[in-house]
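S.K.: dropping a prediction and its sequence here:
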Amino acid sequence: QHTTQQQHHQQQQQQQQQQQQQQVYNGDLNFTTFAELCRFCSIRNGPAKIHLFEKEAEQRNLVYKLRTLMSTNISKDDYLPKNICEQCVHKVEQLFDWRQSTLQIENILQNYADSMRAVTATINFQDGTVNMDKMTVAQKNAYLEAHMAVQQQMAQAAIQFKQQQQQ
């Protein structure tokens, strides 16, 4: 009898899941339901949505971020849905933050590489050390600034990595 109750309970759970899935996907597509879709994943019901051209989206710079990340044009005048669901917003914000971070890091690394190129005559290629005595004051300053920026970035990356490992 206990097994029968478990089977009945499992059947009820499966029916509830199917009903929830049917509620999330409502196959009736018309002009109104099309406008309600998330423009980026096409979900209609489920997570909350934000209109791309209203206040919350403007405050979060969503259209700017999307235009920066995607090669497609997003405008009020196109005939595509104007909503974005919270899941897609989260992905956009993560990707945009990652993009900004990588651009900043690339700039730091490029500055260091440029300073190294400017002082190649002072580098001992046997052990990789830099002979600061052979540099001009401007070369020293540029090198030290770039060197410290890379070291600081490396330390921040190591801290973030450790924090992620602990989660």
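M.R.: Received, thanks.
S.K.: just the pLDDT for Gln20.
M.R.: Note on Gln20: pLDDT of 55.
S.K.: again, but for Leu109
M.R.: Value for Leu109, per-residue pLDDT: 89.
S.K.: ok, then the element right after the longest helix along the chain?
M.R.: Secondary structure of the chain per DSSP state H: the longest helix is helix 86-118. For helix 86-118, the following helix or strand on the C-terminal side (DSSP states H and E) is helix 137-166.
S.K.: the residue nearest to Val92 when sequence neighbours are not counted: which element?
M.R.: Leaving aside its chain neighbours, Val92 sits nearest to Lys65 (5.5 Å; criterion: C-beta to C-beta, 6 or more residues apart in numbering). Quick note: C-beta positions are derived from backbone N, CA and C, even for glycine. Remark: Lys65 resides in helix 62-69, with elements defined by DSSP H and E.
S.K.: report the distance from that helix to the chain centre.
M.R.: 11 Å (C-alpha atoms, centre = their mean, to the nearest Å).
S.K.: report pLDDT for His2.
M.R.: 61.
S.K.: where does Arg44 land in three-state SS?
M.R.: Taking DSSP: H, G, I helix; E, B strand; the rest coil as the rule, one finds Arg44 in the coil state.
S.K.: rewinding a little: quick one: list the elements packing against the helix holding Lys65.
M.R.: helix 86-118 (3 or more C-beta pairs under 8 Å, 6 or more residues apart in numbering; DSSP states H and E).
S.K.: most centrally placed residue in this protein?
M.R.: Leu95 (1.4 Å; C-alpha atoms, centre = their mean).
S.K.: from Phe40, how far off is it?
M.R.: Counting by C-beta to C-beta, to the nearest Å, the gap between Leu95 and Phe40 amounts to 12 Å.
S.K.: just name the shakiest helix or strand of this protein by mean pLDDT.
M.R.: helix 2-24 (a mean of 65; mean pLDDT, DSSP states H and E).
S.K.: follow-up on the earlier one: and the helix holding Lys65, which residues are buried?
M.R.: For helix 62-69, a neighbour-count test (16 or more other C-beta atoms under 10 Å) marks 62-63, 65-66 as buried.
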